[in-house]
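Asks: sequence below, structure please.
(chains A and B)
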Amino acid sequence: MAKLFDEEFLKKLEYLYLLSKKIFRGKTQAVSRSKKVGWGMEFADYRDYTPGDDPRYLDWNLYARVGQLVTKLFHEEENLNVHFLLDVSRSMNFGHPKKIDYGKKVVAALAYVALNNLDSVSITPFGDELLPDLPLLRGKGQILKIFEYLENIEPAGQTDMLRAVNGFSAKTRNKGMLMVVSDFWDEAGYERALKGAYAAGFDLSAICLHHQYEANPKWRGNVVMADAETGKRQQVTISARTLRRYRDHYDAYINRLKTVCHAAHCHYLYAQTAIPFEDLILNVFRQGQFIK
Amino acid sequence: MIANGISWTTFGILYGALAAAVVLVYLLRMARRGRAVSSTLIWQKVMGTRQSLWKELISLLVQLTLLLLVCLALVDPRPPAEDIQRRWVALVFDASESMSARDGDAARLRLAEREAWKLVSSMAAVDRAMVVSASVEVDALTPFTGDREELKEALAELDAKGAEPKLGEAIAYALGAFDYAGLGPNDTRHLFVFTDRPEQVALPESENLNAQVVPIGSSVANIAITSFDVRKTINLTASHDVLIKVRNFSDQPVDAELAIFTPDHMIGTHPLSLPGGGTFSKVLGLPFGTDGKVTALLRKIAFADEATDALPSDNAAFAFVPPVRRSRVVLVTNKNLFLYNALALNPEIDLMAVKPGEYHHGLSAAADVAVFDRFTPPEQPTCSAIYFYPSQGGPFAVSVVKKKPAMTGWADGHPVLRHVQMDTLYIESSKILKPQDKDVVLMGHYDGALMLLRVLGEQYLLGIGFDLAQTDFPLQAAFPIFMHNVIHVFSRKPEGEIQTGYRIGQPVDLAVTTGRERVVLLNPLEQKIAAPVRLGRAVFRPAVPGFYSYADADAVRVFAASLLDEDESNLTVTETGALTPFAKSDENVKAEAIRPWLLLAALLLAAFDMVMFLNGKLS
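Replies: Down below sits the predicted model:
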């Protein structure tokens, strides 16, 4: 996977960092704004000078105007925990490129951005349950470990997002950003899962990946559909009218996902795997305020 | 119901096999592997609960029903034959040249076509008709058919050509066709003969046959060239005579001009003024040397009642006169002017006169005939030869000269002596020739012959025992004729009548080089027509008056065709009559209508299936 990201692309990624709606308390100094006020880059407040303060932070301009020594306070920049929940159910094993491969690349690229900004990254694949995860890693040098981990993930199981999110929330103490990369084809529904993650205190992002044929099927005539996850077979006679109705239902499904995401204060991004990957990262994610 | 198309057994096998195939495909489709998709969530919402088994079953039933309807249409079920009363109609048309005469607003053949179409239009759907054309040959343009369009096309194809239409053969053909058509017990036979000469048609009398002659047209004015024969002139020149006959077939007087011409020259014009039914007949001499395409044309035709000439095709006649080949003659003489003049004045002869001392054997090789006067060459010439007063050492054995030899007889009627009278011939002295076994004695003598003809394969040798200076023969009018005859026979030229033209519609034997498969002719309308060669012969029937040409080996051959038929040019119609169309039979129409309804039902069902499929109601 590493070779798929050429040097130039990686360089472009290095100029990016993840945007979080929430401010979390970190453990180590990094470039993300934390709740702590201290010595960072972003101005927070003034307080009267007390002996022992670092004279570099005295506001000499204010002293010149009012004759009082005050010290500038800044938000301390601490590290951010970025958790990825990657859907590896069998429904992701569809299309060309396969949605799971596309999702792995998305996770890898965003993880690289996070590591580059001294944030911590964890990856947890899920199907009908949580699969062995990659615990929090920090430092740009860990990216190869992430690539290797992602490469070894194989699609399995049926999507059970509620179970996966509940399990993840229960075992994760270090809250932070939670990015769910999935196609959101969940028979049991994804709404409770997303709301639960928000309630658990995560800054939630939902990245919905679909193949273009899912949005706009090209088949005609009599087709027996076999559900990749459930194995259910559906005899369908596809006519122009049927296709129109399919598109209506599909649009409704996607709109519903968008609405649920808004309700859960969740970043939402929908992408088709036909979009060139670099465009997705450098343009679509930026426009969607995922990264800056 | 009886099967008029495929049999019921075949239907059973066919439908069983096709239905089994459809069911098999259906089962295979049901059992086929599914197309993997990420999720069927949306599809379940789209299809809801409507996509169920009954849809599949209905789709299968629709297909089986469609198949059944198509197979039944192939069976073409009909009521039993005894229930159907079918009319079998034979339409026989006189397609001779007179039917192309303009009569009123259209040609007679087109008038016949209209009448026939009225009849066809009145036929019931179960009725069957056939179209037979009778010209110089009999053509069945359609078999018995109920297809109106096919009949209409056949009627439009009718074309007039030639003379002496074979109506009798056409009627016999139609009667034979009735026998082979498989008529039912209630069927009726109808024969209609459309002609402008109804009085010449002999209708057959047969049980269960309704035969009727339909007279076509009315009497219309016509003047025609009825004869145009070219033959060689019976005289000494190489010219031709033409016998031409023109007849006015109208009862009104007519003025016209007869022009005879070649492509390059106007030979002459003759004003004609003929009374009603009048005839002009004359032998006209063509100028010497006239050959190639000769045309006679009637023009400036004006009938007294201002009627229009109805048949233009008989106003012209054509002849192709073969070119005259001059005979090459070498005369070896010491200035015998009688002989020289008799040959030099004959326009058919290219003469070369030499003295005996100038003669050599090579001269005879380039000539058709050599004439030796009082000279016998040491070497026999390669061409035919005439020896006057021959010497020993030549081809003829001669005896001593006899004074005033008595002629015992002469071969009257022999081609060499045609139009020649020898009874009064005076001979002062002559050598006597000794005939051999196969020699022909043209003038006899007690001791031999005064004139002797010997034939050696292609070569003729004529020995004449007397010297022209010792006889009054050169002074007689018969002498130049005699010389012409000899040169003519020795040059092997055709005599008398020559084939200069044919009648349209009559077969023409084309000269064909061995190995050719077809001959391509150019007709007077500049159209190319191919005539197949069978067994080394190519027979062609010219349909249009005029000149035809075709290439054979290295030569371009030409022949002419003209109408030249008094019967065809006589456009008088003596009988009139009207044709009564058939009365319609609704029952028969109903009986016939089963198959179209089956096909219509199949079409509607297919359309229904398609609409339902497009709307997702059926699979």
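
Asks: let me know whether B:Trp43 touches A:Thr237 as I believe.
Replies: No: with contact defined as C-beta atoms under 8 Å, B:Trp43 does not count as touching A:Thr237 (11.1 Å). Every residue, glycine included, has its C-beta placed from N, CA and C.

Asks: give me the neighbour count for the residue of the stretch 451-600 of chain B found nearest chain A.
Replies: Nearest residue of the stretch 451-600 of chain B to chain A (C-beta to the nearest C-beta) works out as B:Leu600 at 25.5 Å. The tally of other residues near B:Leu600 (other C-beta atoms under 10 Å in any protein chain shown) stands at 13.

Asks: what about it, distance to B:Val136?
Replies: For B:Leu600, the distance to B:Val136 (C-beta to C-beta, to the nearest Å) stands at 46 Å.

Asks: where exactly do the helices run in the stretch 1-150 of chain B?
Replies: B:8-31, B:41-47, B:53-75, B:108-121, B:148-157 (DSSP state H, counting those that start in this stretch).

Asks: quick one: which of the ones you listed is nearest B:Gly577?
Replies: B:Gly577 lies closest to helix B:108-121 among those, at 10.2 Å (C-beta to C-beta).

Asks: hang on, B:Ile556 in a strand?
Replies: No Ile there; residue B:556 is Val. Yes: applying DSSP: H, G, I helix; E, B strand; the rest coil, one finds B:Val556 inside a strand.

Asks: what about it, how many residues nearby?
Replies: By other C-beta under 10 Å, 10 other residues sit near B:Val556.

Asks: and if you look at the one 3 residues further on?
Replies: B:Phe559: 22 surrounding residues under other C-beta under 10 Å.

Asks: that one against B:Asp552, yeah?
Replies: No: counting by C-beta under 8 Å, B:Phe559 stays clear of B:Asp552, with 11.5 Å between them.

Asks: let me know the secondary structure of B:Thr576.
Replies: Three-state assignment for B:Thr576 (three-state DSSP): coil.

Asks: let me see the contact set for it.
Replies: Neighbouring residues of B:Thr576 by C-beta atoms under 8 Å, 6 or more residues apart in numbering or on different chains: B:215, B:218.

Asks: B:Leu605: which element?
Replies: helix B:594-614 (DSSP states H and E).

Asks: quick check: buried residues in that helix?
Replies: The neighbour-count check on helix B:594-614 (16 or more other C-beta atoms under 10 Å in any protein chain shown) flags B:594-595, B:598, B:601-602, B:605, B:609, B:612-613 as buried.

Asks: how about low-confidence regions in the stretch 151-292 of chain A?
Replies: A:288-292 (pLDDT under 70).

Asks: from it, which residue is nearest to chain B?
Replies: Going by C-beta to the nearest C-beta, chain B is nearest to A:Ala226 of the stretch 151-292 of chain A, at 3.1 Å.

Asks: turn the helices of the stretch 1-150 of chain B into JSON lines, columns for mean pLDDT.
Replies: Below are these laid out as JSON lines (pLDDT from 0 to 100):
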{"stretch": "helix B:8-31", "mean pLDDT": "86"}
{"stretch": "helix B:41-47", "mean pLDDT": "81"}
{"stretch": "helix B:53-75", "mean pLDDT": "83"}
{"stretch": "helix B:108-121", "mean pLDDT": "91"}
{"stretch": "helix B:148-157", "mean pLDDT": "91"}
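
Asks: hmm, back to that, average model confidence for the helix holding B:Leu605?
Replies: The average pLDDT within helix B:594-614 is 83.

Asks: and the angle from that helix to helix B:53-75?
Replies: Helix B:594-614 runs at 160 degrees relative to helix B:53-75, counting by axes from the mean of the first three to the mean of the last three C-alpha atoms, to 10 degrees.

Asks: give me the distance from helix B:594-614 to the chain's centre.
Replies: Distance, stretch centre to chain centre, for helix B:594-614: 53 Å (C-alpha atoms, centre = their mean, to the nearest Å).

Asks: what's in contact with that helix?
Replies: A:237, A:239-241, B:5, B:59, B:62-63, B:65-66, B:69-70, B:72-73, B:76-78, B:618-619.

Asks: return the residues of chain A in contact with chain B.
Replies: Selection of chain A residues close to chain B by C-beta under 8 Å from any C-beta of the partner chain yields A:91-92, A:94-95, A:99, A:183, A:185, A:187, A:210-211, A:214, A:219, A:222-230, A:232-242, A:245-246, A:249-250, A:253.

Asks: ok, which stretches of the stretch 101-250 of chain A are strands?
Replies: Along the stretch 101-250 of chain A, counting by DSSP state E, counting those that start in this stretch, strands occupy A:120-126, A:134-138, A:177-182, A:203-210, A:221-227, A:233-238.

Asks: tabulate these (JSON lines), appending mean neighbour count.
Replies: Formatted as JSON lines, those follow (neighbours: other C-beta atoms under 10 Å in any protein chain shown):
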{"stretch": "strand A:120-126", "mean neighbour count": "24"}
{"stretch": "strand A:134-138", "mean neighbour count": "17"}
{"stretch": "strand A:177-182", "mean neighbour count": "26"}
{"stretch": "strand A:203-210", "mean neighbour count": "25"}
{"stretch": "strand A:221-227", "mean neighbour count": "18"}
{"stretch": "strand A:233-238", "mean neighbour count": "20"}
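
Asks: nice, that's everything, thank you.
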